[in-house]
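Peer 1: Sequence and predicted structure are below.
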Protein chains: 2
Amino acid sequence: MNKSQKLSAGRNDKDAVLSNIALLYYGEGLTQNEIAKRYKLSRATIVNMLRECRERGVVEIRVDGQLLAASSLGRDLAERYGLQDVYVALDRGEGAEATPRRDQLAQVSRVAAMAILDIVEPGDQIGVAWGETIAAVAKAMPRNPVPDTQVCQLIGSQESARVPASEICAIEVANKLGAQCHTLHAPGIVSSAGLASALRSEPTIQSQLARLSDLDMTIASIGHVGDDTHMAAADIASVQELDQARHQGATGIICCRYIDGNGEEIRTAPYDRVIAASVADIKAAPKKLLVVCGRDRLAATRAAIKGGLVTHLVLDRELAEALMAE
Amino acid sequence: MNKSQKLSAGRNDKDAVLSNIALLYYGEGLTQNEIAKRYKLSRATIVNMLRECRERGVVEIRVDGQLLAASSLGRDLAERYGLQDVYVALDRGEGAEATPRRDQLAQVSRVAAMAILDIVEPGDQIGVAWGETIAAVAKAMPRNPVPDTQVCQLIGSQESARVPASEICAIEVANKLGAQCHTLHAPGIVSSAGLASALRSEPTIQSQLARLSDLDMTIASIGHVGDDTHMAAADIASVQELDQARHQGATGIICCRYIDGNGEEIRTAPYDRVIAASVADIKAAPKKLLVVCGRDRLAATRAAIKGGLVTHLVLDRELAEALMAE
DNA sequence: CAACCTTCTTTACAAATGTCAATAAACAAT
DNA sequence: ATTGTTTATTGACATTTGTAAAGAAGGTTG
């Protein structure tokens, strides 16, 4: 047997080595060759270990949230609309040609992940909504325990081809925060108002929904009311229902609830078949993080702000500039 | 003027760009060229910005503390000595030739920095000692606010050629934790016991010292009692005093206080001229982090453990193996 | 407007890293 | 002891990054 060290020890010793190697590389700035020499392993093995560190979250990167909220555009928006903080995600420089929405969403969700760590405090009870944007935020969050926190699922269970089920989002955020997780033991949409009412009256679900009226913080996105909204994709609202909602003045969708241009809830179909937090629940939380990507959500974002549904805002530059231009 | 973007905007906009670029590079994994293209800047400018991000702590790296405490050696030591966690710093592989003490101390201090983030909790009142090891730990800590924390300087002000003054260590730890800092407005050593007593009786200093008896956590190292100890280098103890202390059974030095092999305080010169927390103060804290580097501190480390002065231990592999071999 | 300073760009080159296929070594199961 | 599986190594090569010097561009000051 040659002199190189083999790692046939248990999983925990492997983890200890991985974490130490991560510190040597990312913290101390040693090269892969230097580490390989110290550990008597090949550089390829070190490369594989560092990749495993990144993949498993052994090492996490954190960027100062306050700097992300430092831009003059963000501060002007915060002042203009009376928000506490506005984080403008800059996935590219000014004047540079547009990146695909996927790239913009990637940066918006990373900025939001950093913002959450800035905003959340120990003891917080946090409501987490569901959708493509929220799923991306959950995924982007580093593992960063905040003591004594609880995460509550805001929208009943629902599957979608586009994103993981709603409880998966909440559980992922809870895991990243080391929080206790309260899922909502009901589907997000049922076939009749009567059934929905019956479910809401179930003691377990009733107490779960009651909890949602006493949140310290919410994490949500706002959707537009076009036919390609997430709500349609998830079979929560039909095209006809969306059309009727638009006719009644619906400007945005937050937490599967319609709001008009003033942020007032519009109780039109499928309103009474939905099992989720209400707009009043969201409004009641002291800290309300809204994460939005895309200029097509301008009217919806403005409506949410106007309705008092936002205290902290994460958005991309185009949307920020559009909000500023009004 | 060509198409590239210049950054003559204010400091805050620069910070916003820096933090976003840090997220794109470290978080999203884009290459420097990809970011340069998006921002219409040169790759050299991106390189400079990333360096500035690292230097200013815009981006911080964090390694999971629990994995650092996961090794079988660490867990065995914890069980053997009744400690909560033992973090073994592995600056190289088993059987590899020794690295210089400086390199070992670098890794021990990085591991300790990660351990601190694991241990400290919101609301904690934290005592910070002083010495070469503690200074390295303070420097290695990433900026990671923990709400409602207070940092207290355990040893009166003292300068040394080797390390920054004791209040500088405490202030640095406080800054990294976003904690309130309570410095000790007295020198660490004075020329007479009478003067020390008079200073301790001063209301301000008295209340500062009183605070040290009610700590939630301490961060300290343990020194040996050889002639080259930090205490001598800092002109706190003379060679004669050290010799006398050894004769009286002194085995280690913690917080400028001698302890014997059982961890009991030895009140010999310069005991009554020192203005610092007492051994009883340290023992009273529920969480006691001891950070040690070097096999020459084996006896001192064992004494500290035996004296109930340690709940969490960070040490290098040699020292860990030596502790295990007893 | 000129001079000076700061910041950015260009270019080159060395070093480091990422990736991958083939092979070797270690480990586990039979 | 053999076979199969898993992990590590070797070697090669492309890409990325780090560094630095020289020059260009932008901004500030007098």
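Peer 2: That came through fine.

Peer 1: and the closest residue to DNA strand C within the stretch 51-200 of chain A, how far is that from chain B?
Peer 2: In the stretch 51-200 of chain A, the residue that lies nearest DNA strand C is A:Arg51 (6.2 Å; Cβ to the nearest atom of the strand). Bear in mind the C-beta positions are built from the backbone N, C-alpha and C, glycine included. A:Arg51 is 11 Å from chain B, where distance means Cβ to the nearest Cβ, to the nearest Å.

Peer 1: ok, now A:Ala325?
Peer 2: Distance, A:Ala325 to chain B, using Cβ to the nearest Cβ: 18 Å.

Peer 1: and A:Leu184, that's in a strand?
Peer 2: No. Using DSSP: H, G, I helix; E, B strand; the rest coil, the assignment for A:Leu184 is coil, not a strand.

Peer 1: Report the contact partners of it.
Peer 2: Residues near A:Leu184 by Cβ atoms under 8 Å, 6 or more residues apart in numbering or on different chains: A:152-157, A:166-167, A:205, A:208-209, A:275-276.

Peer 1: before we move on, back to that, next one: the residue of the stretch 51-200 of chain A closest to DNA strand C from B:Gly29, what distance?
Peer 2: Counting by Cβ to Cβ, to the nearest Å, the separation of A:Arg51 from B:Gly29 is 11 Å.

Peer 1: for A:Ala170, same thing?
Peer 2: Distance of A:Ala170 to B:Gly29, given as Cβ to Cβ: 27 Å.

Peer 1: Give me the more crowded residue out of the two.
Peer 2: Remark: of A:Ala170 and B:Gly29, A:Ala170 carries more neighbours, 29 against 9, as counted by other Cβ atoms under 10 Å in any protein chain shown.

Peer 1: shouldn't that one be in contact with A:Thr183?
Peer 2: Yes. Using Cβ atoms under 8 Å, A:Ala170 is in contact with A:Thr183, at 6.3 Å.

Peer 1: can you list residues touching both of the two?
Peer 2: A:Gln153.

Peer 1: any idea which of the contacts of A:Leu184 has the most stuff around it?
Peer 2: Most surrounded of the contacts of A:Leu184: other Cβ under 10 Å gives A:Ile155, at 32 neighbours.

Peer 1: So what pairs up with that one in the strands?
Peer 2: As for beta bridges, A:Ile155 partners with A:Ala276 under DSSP bridges.

Peer 1: Please tell me I have it right and it contacts A:Ser166.
Peer 2: Yes. Using Cβ under 8 Å, A:Ile155 is in contact with A:Ser166, at 4.8 Å.

Peer 1: okay, and the common contacts of these two?
Peer 2: With Cβ under 8 Å, 6+ apart, A:Ile155 and A:Ser166 have common neighbours A:Trp130, A:Leu184, A:Gly188.

Peer 1: tally of neighbours for the last one?
Peer 2: The number of residues packed near A:Gly188 is 27, by other Cβ under 10 Å.

Peer 1: Ramachandran angles for it?
Peer 2: Main-chain torsions, A:Gly188, degrees, to the nearest 10: phi -70, psi -30.

Peer 1: Run through the helices of the stretch 201-326 of chain A in chain order.
Peer 2: In the stretch 201-326 of chain A, helices defined by DSSP state H, counting those that start in this stretch lie at A:203-211, A:230-233, A:239-247, A:279-284, A:298-306, A:317-325, listed in chain order.

Peer 1: who's in contact with the shortest one?
Peer 2: It refers to helix A:230-233. For helix A:230-233, contacts defined as Cβ under 8 Å, 6+ apart pick out A:131-132, A:160-163, A:223, A:237-239, A:242, A:253, A:256.

Peer 1: Can you give me the pLDDT of the residue lying closest to A:Thr149 once chain neighbours are set aside?
Peer 2: With Cβ to Cβ, 6 or more residues apart in numbering or on different chains as the criterion, A:Thr149 has its nearest non-adjacent residue at 3.9 Å, and that residue is A:Ala179. Per-residue pLDDT puts A:Ala179 at 96.

Peer 1: can you give me the strands for chain A?
Peer 2: A:59-63, A:85-89, A:125-128, A:150-153, A:180-182, A:217-220, A:252-254, A:257-259, A:265-266, A:287-292, A:312-316 (DSSP state E).

Peer 1: Wait, A:Gly85 touches A:Leu77, no?
Peer 2: One correction, residue A:85 is Asp, not Gly. No. Counting by Cβ under 8 Å, A:Asp85 stays clear of A:Leu77, with 9.7 Å between them.

Peer 1: residues making contact with stretch A:278-288?
Peer 2: So stretch A:278-288 is in contact with A:84, A:119, A:124, A:127, A:154, A:212-218, A:220, A:254-255, A:257, A:259, A:263-265, A:307-312, going by Cβ under 8 Å, 6+ apart.

Peer 1: Least confident secondary structure element in chain A?
Peer 2: Within chain A, no helix or strand scores below helix A:230-233, which has a mean of 87 by mean pLDDT, DSSP states H and E.

Peer 1: where does the stretch 51-200 of chain A dip in pLDDT?
Peer 2: Along the stretch 51-200 of chain A, the model assigns pLDDT under 70 to no residue.

Peer 1: Overlap in contacts, A:Asp85 and A:Leu77.
Peer 2: Shared contacts of A:Asp85 and A:Leu77 (Cβ under 8 Å, 6+ apart): A:Leu313.

Peer 1: Go ahead and confirm A:Cys293 touches A:Arg102.
Peer 2: No. Assessed by Cβ under 8 Å, A:Cys293 is found out of contact with A:Arg102, at 9.7 Å.

Peer 1: These two: who's more crowded?
Peer 2: Neighbour count, other Cβ under 10 Å: between A:Cys293 and A:Arg102, A:Cys293 has more, with 26 against 9.

Peer 1: got a list of what the more buried one touches?
Peer 2: Here A:Cys293 is in contact with A:Ala89, A:Arg101, A:Gln104, A:Leu105, A:Val108, A:Ser109, A:Thr133, A:Leu315, A:Asp316, A:Leu319 (criterion: Cβ under 8 Å, 6+ apart).

Peer 1: Closest to chain B out of the shared contacts of A:Ile155 and A:Ser166?
Peer 2: A:Trp130 (22.9 Å; Cβ to the nearest Cβ).

Peer 1: Count residues in the vicinity of the closest one, would you?
Peer 2: 31.

Peer 1: Roughly how far does it sit from A:Arg267?
Peer 2: 20 Å.

Peer 1: Show me how to select, in ChimeraX, the buried members of the contacts of A:Cys293.
Peer 2: Provided next is the ChimeraX selection string for whichever of these are buried by 16 or more other Cβ atoms under 10 Å in any protein chain shown:
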select /A:89,104,105,108,109,133,315,316,319
